[in-house]
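K.L.:
Build me a structure from this.
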Amino acid sequence: MGSAADLDKPQHLTELNGEVLLIVGYGSIGREVAKRAKAFEMRVWGVTRSGEGDRAHAEKIFSAAKLHKTLPDADYVLICAPETAETKHLIGTPQIARMKPGARLINVGRGSLLDENALVQALKSGALGGAALDVAQTEPLPAESPLWKAPNLFITPHTSGVSDRLWIARRRF
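P.N.:
Numbers count the residues shown, from 1 in each chain. Down below sits the predicted model:
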């Protein structure tokens with residue numbers, strides 16, 4: 001999470017309008033996120049096992065077999081797929097390497113879907129612009145986890161499904 005001095009550094013803000021959000025696991029959770037992303041005029045793409053799904057809020061839907069082809073075009077990648085034998089470390093070093101430089105990765109699915117070591121390396125190298133984790137491989141996240149010191153990483157305590165309202169961390173002065 002960085003030091004107190006990091007909080008005073010200038011932030012690099014971007015518009016969501018027109019950005020591509022790739023939702024890996026375009027099921028009920030993915031579709032709810034898609035509705036909200038469309039309100040920000042994001043371009044929403046979904047990934048399902050079959051490549052089929054509700055297109056009400058998605059511009060495109062791809063099969064899981066084509067995930068590697070879609071990653072280079074995504075500005076944001078949201079992982080919300082279920083945990084299965086096929087989805088363990090669904091996103092690891094090879095997939096992150098295919099992502100657009102500066103892209104952001106978000107995991108609200110299961111901790112096993114993301115190779116955390118690959119994430120830490122990508123954040124340290126600057127290959128990813130940032131990440132957010134609502135889930136981790138080990139919960140609660142141990143104090144010695146390298147995730148705590150990874151740059152540009154926002155960690156929440158597995159609460160993304162608790163509310164549809166935005167929670168904002170506030171600094172006390």
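K.L.:
With adjacent residues omitted, what lies nearest to residue 116?
P.N.:
Among residues not flanking residue 116 along the chain, residue 137 sits closest, at 5.8 Å (CB to CB, 6 or more residues apart in numbering). All C-beta spots, glycine's among them, are computed from the backbone N, C-alpha and C.
K.L.:
This structure: helices as residue ranges?
P.N.:
Taking DSSP state H as the criterion, the chain carries its helices at 4-7, 28-39, 67-70, 93-98, 116-125.
K.L.:
Can I get these in JSON lines including mean neighbour count?
P.N.:
Output for the helices of the chain, formatted as JSON lines (neighbours: other CB atoms under 10 Å):
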{"stretch": "helix 4-7", "mean neighbour count": "8"}
{"stretch": "helix 28-39", "mean neighbour count": "17"}
{"stretch": "helix 67-70", "mean neighbour count": "14"}
{"stretch": "helix 93-98", "mean neighbour count": "16"}
{"stretch": "helix 116-125", "mean neighbour count": "18"}
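K.L.:
of those helices, which approaches residue 108 most closely?
P.N.:
helix 28-39 (7.1 Å; CB to CB).
K.L.:
Residues in contact with that closest one: which ones?
P.N.:
For helix 28-39, contacts defined as CB atoms under 8 Å, 6 or more residues apart in numbering pick out 16, 21, 23-24, 26, 44, 46, 53-54, 56-58, 78, 80, 108, 161, 164.
K.L.:
need the least confident one among the helices of the chain, by mean pLDDT.
P.N.:
Of all those, mean pLDDT reaches its minimum on helix 4-7 (a mean of 50).
K.L.:
how close does residue 115 get to residue 143?
P.N.:
21 Å (CB to CB, to the nearest Å).
K.L.:
Which one's more surrounded, those two?
P.N.:
In terms of neighbours (other CB atoms under 10 Å), residue 115 is the more surrounded of residue 115 and residue 143; the figures are 20 against 6.
K.L.:
Contact partners for that one?
P.N.:
Contacts of residue 115 by CB under 8 Å, 6+ apart are 89, 91, 92, 93.
K.L.:
rerun at 10 Å
P.N.:
For residue 115, the contacting residues are 88, 89, 90, 91, 92, 93, 94, 95, 96, 121, 122, 137, by CB atoms under 10 Å, 6 or more residues apart in numbering.
K.L.:
could those go into a markdown table alongside distance to residue 64?
P.N.:
Shown next, in a markdown table, are the contacts of residue 115 (distance: CB to CB, whole Å):
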| residue | distance to residue 64 |
| --- | --- |
| 88 | 13 |
| 89 | 14 |
| 90 | 8 |
| 91 | 12 |
| 92 | 15 |
| 93 | 18 |
| 94 | 15 |
| 95 | 12 |
| 96 | 17 |
| 121 | 24 |
| 122 | 21 |
| 137 | 21 |
